[in-house]
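Q: Need coordinates for the below:
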Amino acid sequence: MNDGEERIFDGEHHNQQNSSDDDVNNSVTLSSCAESDGMGKFRNTCINKHAQIFVNPTQFYVSAVTCEMCGTKGTTETFFSRSKRFCSVSCSRSYSSNSKKSSIIARLQVGMSGKVFIPTFIRTVTKFLCVYVLREGHPLGTTLAGFDWGNYLEKSGLLAAPVSCFRHVPLCAQWDDIYVRLKVEVLNTHTALPSKVYWIATVVQLAGYMALLRYEGFEDDDSHDLWCNLGTADVHPIGWCAVNSKLLVPPQEVHQHIKDWKSYLMERLVGAHTLPVDFHVKMADCLRCPFRQAVRVEVVDRSQVSRTRLAVVDTVVGGRLRLLYEDGGLGPSGEVLSDFWCHMQSPLLHPVGWSERVGHSIKETDTSVNMSSHPAFRKVLQNSVPDQFKKLRTVYMGDKFFEEGMKLEAIDPLNLGNICVASVRKVLLDGYIMVGIDGVEIGDGSDWFCYHANSHAILPVGYCENNNIPLTLPPGYDHATFIWTKYLEETGTVAAPRRLFNTDDVGHGFTSGMKLEAVDLMEPRLVCVATVRRCVGRLLLLHFDGWEPEFDQWVDGQSPEIYPVGWCEITGYQLQPPIGPGKIIAVFIVFIYAVQNLVVTCCILLSCVEPPQGQEHSHIDSSDQTPVLLREERFKRSLAFLL
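A: Alright, predicted model coming up:
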């Protein structure tokens, strides 16, 4: 072994019995099994500091059997029954009771004179349509089986933002070490074995955390390529199977074409590169969060954006925090009536005491509201500290800083797709200012919004014109005649100096057309499938796939509320898929509701089934849900009886 190599495992320490090359060649039984099943594992595999692979493969084989109930193929070691006839307990029991079930069904069908057939047929058709609608995407939210990023990327052009574009996500700094042609051990989905087995694959395409893999043995054949998330538990560096005594099994479609798998893999693996050995360890370390449940923070008040409000951390998912306002209240069933989602690096989040320090307005907590029955409030509450938050660039405030009344252009906090004519309404401390949108302000300051001088959302006068961005004007002004110099003269104001704005292109790496996962900042608990529509300096215009352009949002290229493809799968966060064609889906939904009513009527009249207990008077709390999510909840609950 070379000095630069690191020995990560040794096959001799495994508990499973391994056969030497001579033993395999001298045994007729084992040789025949090798030709039929092709199962094996590698021993004495090494990976050097450059992730290059050095392999000395030794294969072993076991006898193959077939389940008499379901036809599943396996080995004598993995089958359940003593006779090795069945692969599981359920198959053994099903085999013995199969004839009884058939006779019972036949008697029911004859005894009820066809009454079973009618509702069964309608339920089958309804379920098929429901599955079709939910899988194809619809305006009600999620899919049954989850969103298939791989299939969606292939249809939309395989262009996704690389992980290195997102500075706040796991492994962003190390992602340059992940590239096409890496070798990995991945779950083998082309086998009939009942237990998990693995095979070696090559990365042929990268899209965020997702990788398009091709099993070894398929060469230039892409018909069996599969998309897999590199951050999941079923993708590993070469050698992981040997360390953990897992089987390497080639796909059934290619096994018969290559007889000498040992020589083939030696040729393919020696000198190749794989994932870093500590890939998943670093991934887990990056997902650690300094916040935990019962930590108190200050966050923007979603009911009045000009002030902050005390809140308590309830849930942490991948660095995103679910915050419960301290006086938000609880419903009759203990449900939270008011919460707020944001990333731990969000500019909307601050340590306790921040508002008082900078001169920002904060809502006084209503002590009459009792939240003690909620789990987040049962613990001892602990105030957050500045070290838990992202540090902003220092701003020197002097005579040449922002002044009250100065004009600028700003992203509308209540309509993030618009950049509007705005004014500085108040100057706070630590580089913060309050901004109001000209012509639509209420007058009491309740619609002002707090921005830091470094914020992407405030822009110098003329920025939209210089970058061909539509500027939203105050009521009474026309785009054909609006000129900034004339407007400043009419209002008796001055433009904020351009040097005060942070509009530098940071080289974020995004380009138009890239796919990603992005937070809908108007409903920040939702992370949606999105596309970069435009890149203007450090600004990105995001389009939520399937929705109208009116819902587009401007965000910073370094925003903590945008994520690579596959981030939701890694963290377990719910991803909102694109909606499908509205008219077609609407027809399906109307039909499904009609069929549902028909099924319920038939079942009651024919007394074939009884509604599940607790479904008749199910309560839906709509205090904090969007209309789309309300329809989704009602739809799912109505289908619970059918499906």
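
Q: Report pLDDT for residue 189.
A: For residue 189, the model assigns a pLDDT of 86.

Q: How many residues are close by it?
A: Burial of residue 189 is recorded as 13 neighbouring residues (other Cβ atoms under 10 Å). Quick note: C-beta positions are derived from backbone N, CA and C, even for glycine.

Q: What is the burial count for the nearest residue to it once chain neighbours are set aside?
A: Excluding its sequence neighbours, the residue lying closest to residue 189 (Cβ to Cβ, 6 or more residues apart in numbering) is residue 226, at 6.6 Å. Using other Cβ under 10 Å, residue 226 has 16 neighbouring residues.

Q: before we move on, what about residue 91?
A: Neighbouring residues of residue 91 were enumerated by other Cβ under 10 Å; the total is 21.

Q: Relative to residue 196, how far out is it?
A: Residue 91 sits 18 Å away from residue 196, going by Cβ to Cβ, to the nearest Å.

Q: do residue 310 as well
A: 48 Å.

Q: So those two - more neighbours on which side?
A: Per other Cβ under 10 Å, whichever of residue 310 and residue 196 has more neighbours is residue 310, with 21 against 12.

Q: Tell me who's in contact with that one.
A: Applying Cβ atoms under 8 Å, 6 or more residues apart in numbering, we find residue 310 in contact with 296-298, 325-326, 352, 362-363, 365.

Q: Closest one of those residues to residue 180?
A: residue 297 (41.8 Å; Cβ to Cβ).

Q: Counting neighbours, what do you get for the closest residue to the closest one other than its chain neighbours?
A: Distances taken as Cβ to Cβ, 6+ apart place residue 384 nearest to residue 297, at 4.8 Å, with adjacent residues excluded. By other Cβ under 10 Å, 20 other residues sit near residue 384.

Q: where along the stretch 151-300 of the chain do the strands fall?
A: Counting by DSSP state E, counting those that start in this stretch, the stretch 151-300 of the chain has strands at residues 183-187, 198-207, 210-215, 226-229, 235-236, 295-301.

Q: Please tabulate those in a markdown table, including the columns distance to residue 563.
A: Below are those laid out as a markdown table (distance: least, Cβ to Cβ, whole Å):
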| stretch | distance to residue 563 |
| --- | --- |
| strand 183-187 | 22 |
| strand 198-207 | 13 |
| strand 210-215 | 12 |
| strand 226-229 | 13 |
| strand 235-236 | 19 |
| strand 295-301 | 20 |
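
Q: Run a quick check on residue 423 versus residue 433, I expect a contact.
A: No. Using Cβ atoms under 8 Å, residue 423 makes no contact with residue 433, being 10.2 Å away.

Q: Between these two, tell me which one has more neighbours.
A: residue 433 (26 against 20).

Q: so that one sits in a strand?
A: Yes. Looking at residue 433 with DSSP: H, G, I helix; E, B strand; the rest coil, it is inside a strand.

Q: wait, it sits on residue 424?
A: Yes. At 5.4 Å, residue 433 and residue 424 qualify as touching, with contact defined as Cβ under 8 Å.

Q: which residues do the two both contact?
A: Shared contacts of residue 433 and residue 424 (Cβ under 8 Å, 6+ apart): residue 402.

Q: List the contacts of residue 342.
A: Residue 342 makes contact with 299, 320-321, 323, 348-349, 524, 561, according to Cβ under 8 Å, 6+ apart.

Q: quick check, nearest of those residues to residue 283?
A: Distance to residue 283 across the contacts of residue 342 (Cβ to Cβ) is lowest for residue 320, with 16.6 Å.

Q: ok, and the closest non-adjacent residue to that closest one?
A: Per Cβ to Cβ, 6+ apart, closest to residue 320 is residue 343, 5.4 Å.

Q: Surely that neighbour and residue 167 touch.
A: No. Using Cβ under 8 Å, residue 343 is not in contact with residue 167, being 12.0 Å away.

Q: Let me see the ranges of the strands in the stretch 401-550 of the chain.
A: 407-412, 415-427, 432-437, 449-452, 458-459, 471-472, 515-519, 527-536, 539-544.

Q: I'd like the ones you listed written out as a markdown table, with mean pLDDT and distance to residue 567 added.
A: Below are the strands of the stretch 401-550 of the chain laid out as a markdown table (pLDDT from 0 to 100; distance: least, Cβ to Cβ, whole Å):
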| stretch | mean pLDDT | distance to residue 567 |
| --- | --- | --- |
| strand 407-412 | 96 | 24 |
| strand 415-427 | 96 | 21 |
| strand 432-437 | 96 | 30 |
| strand 449-452 | 96 | 26 |
| strand 458-459 | 96 | 28 |
| strand 471-472 | 96 | 32 |
| strand 515-519 | 97 | 5 |
| strand 527-536 | 95 | 8 |
| strand 539-544 | 96 | 15 |
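
Q: circling back to that earlier point, please indicate which of the contacts of residue 310 are buried?
A: 296-298, 325-326, 352, 362-363 (16 or more other Cβ atoms under 10 Å).

Q: For residue 289, state which of those is nearest.
A: Of all the buried ones among the contacts of residue 310, residue 297 has the smallest distance to residue 289: 12.8 Å, by Cβ to Cβ.

Q: So what sits opposite that closest one in the bridge?
A: residue 311 (DSSP bridges).

Q: Spit out the contact partners of it.
A: By Cβ under 8 Å, 6+ apart, the neighbours of residue 297 are 291, 310-313, 321, 323, 349-352, 384.

Q: Save those residues as TSV, and put in pLDDT too.
A: What follows is the contacts of residue 297, written out as TSV (pLDDT from 0 to 100):
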residue	pLDDT
291	94
310	97
311	96
312	97
313	96
321	96
323	96
349	96
350	96
351	96
352	96
384	94
